[in-house]
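>>> what follows is a protein structure lacking sequence information:
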């Protein structure tokens, strides 16, 4: 495994992973808040 990757690729991949993870967490939080408000009004 003597094929060093450029650090730009690794940092970009890590940034994409963090961005997608935060996006998933934000989506779940938003859905739960909408459901809580919707259930609370009925």
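Alright, I've got the coordinates. This one's a predicted model, so the numbers in the text were calculated from it and none came from an experiment.

>>> phi first, then psi, for residue 29.
Reported as degrees, to the nearest 10, the phi and psi values for residue 29 are phi -60, psi -40.

>>> mind checking how far it is from residue 9?
As for residue 29, its distance to residue 9 is 30 Å (criterion: C-beta to C-beta, to the nearest Å). C-beta coordinates here come from the backbone N, C-alpha and C atoms, glycine included.

>>> give me the neighbour count for residue 28.
Using other C-beta atoms under 10 Å, residue 28 has 10 other residues around it.

>>> checking it next. Helix, strand or coil?
Of the three states, residue 28 takes helix according to DSSP: H, G, I helix; E, B strand; the rest coil.

>>> any low-confidence regions in this structure?
For the chain, the stretches flagged by pLDDT under 70 are 1-7.

>>> please redo it, this time with the cut-off set to 80
Segments of the chain classed as low confidence (criterion: pLDDT under 80) are 1-8, 41-42.

>>> what segments of it are helices?
Read by DSSP state H, the chain holds these helices, from start to end of the chain: 7-41.

>>> just want the most central residue of it.
To find the centre residue of the chain, average its C-alpha atoms and take the closest one (C-alpha atoms, centre = their mean): that gives residue 21, at 2.1 Å.
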